[in-house]
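> Turn this into a structure:
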Amino acid sequence: QVQLVESGGGLHQAGASVKLSCLVSGDLFNRYVLGWFRQAPGKERDLVAAISWTGDLSYYPDAMKDRFSIYRDNIINTAYLQISSLKPEDTADYYCAAGTMWSYGGNFRMDYWGKGTLLTVSS
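Numbers count the residues shown, from 1 in each chain. All right, here's what the predicted structure looks like:
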């Protein structure tokens, strides 16, 4: 069973940067495409970024291309999401997820999910 554990959320000031981490265990790390999703209160869960098995491909929805960066370290089984120039509207639960298929159109089907880490951005 694949397990994903996110960390790095908390309270941050607007304008600052934050790095979220996702530690994956339970299976070969490089079998999985990894993605970060977020869900703000009262809103649907949205894809933030995805990265391929070896990290050579990344995908960002148009709204996430400027301040978000996803990367992974296949040695320590960890994926990261770097967010720069934080805004109050970035406040959300951030979820890490794993799947086996890449989607060039951004329609990722994820099989495993973490429990999320709450990021709160104060103005």
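> where's the residue sitting nearest the centre point of the chain relative to Ser122, distance?
Nearest to the geometric centre of the chain sits Trp36, at 2.2 Å (Cα atoms, centre = their mean). Distance from Trp36 to Ser122, counting by Cβ to Cβ, to the nearest Å: 21 Å. All C-beta atoms are positioned from the backbone trio N, CA, C, and that covers glycine.
> cool, and Leu23?
Distance check for Leu23 against Ser122: by Cβ to Cβ, it reads 27 Å.
> do Met110 as well
Per Cβ to Cβ, Met110 is found 30 Å from Ser122.
> Compare these two (neighbour count), which wins?
Neighbours were counted for Met110 and for Ser122 using other Cβ atoms under 10 Å; Met110 has more, 20 against 11.
> what's near enough to touch the closest residue to the more buried one other than its chain neighbours?
Nearest non-adjacent residue to Met110, counting by Cβ to Cβ, 6 or more residues apart in numbering: Ala97, 3.7 Å away. Counting by Cβ atoms under 8 Å, 6 or more residues apart in numbering, Ala97 touches 4, 34-37, 108, 110-114.
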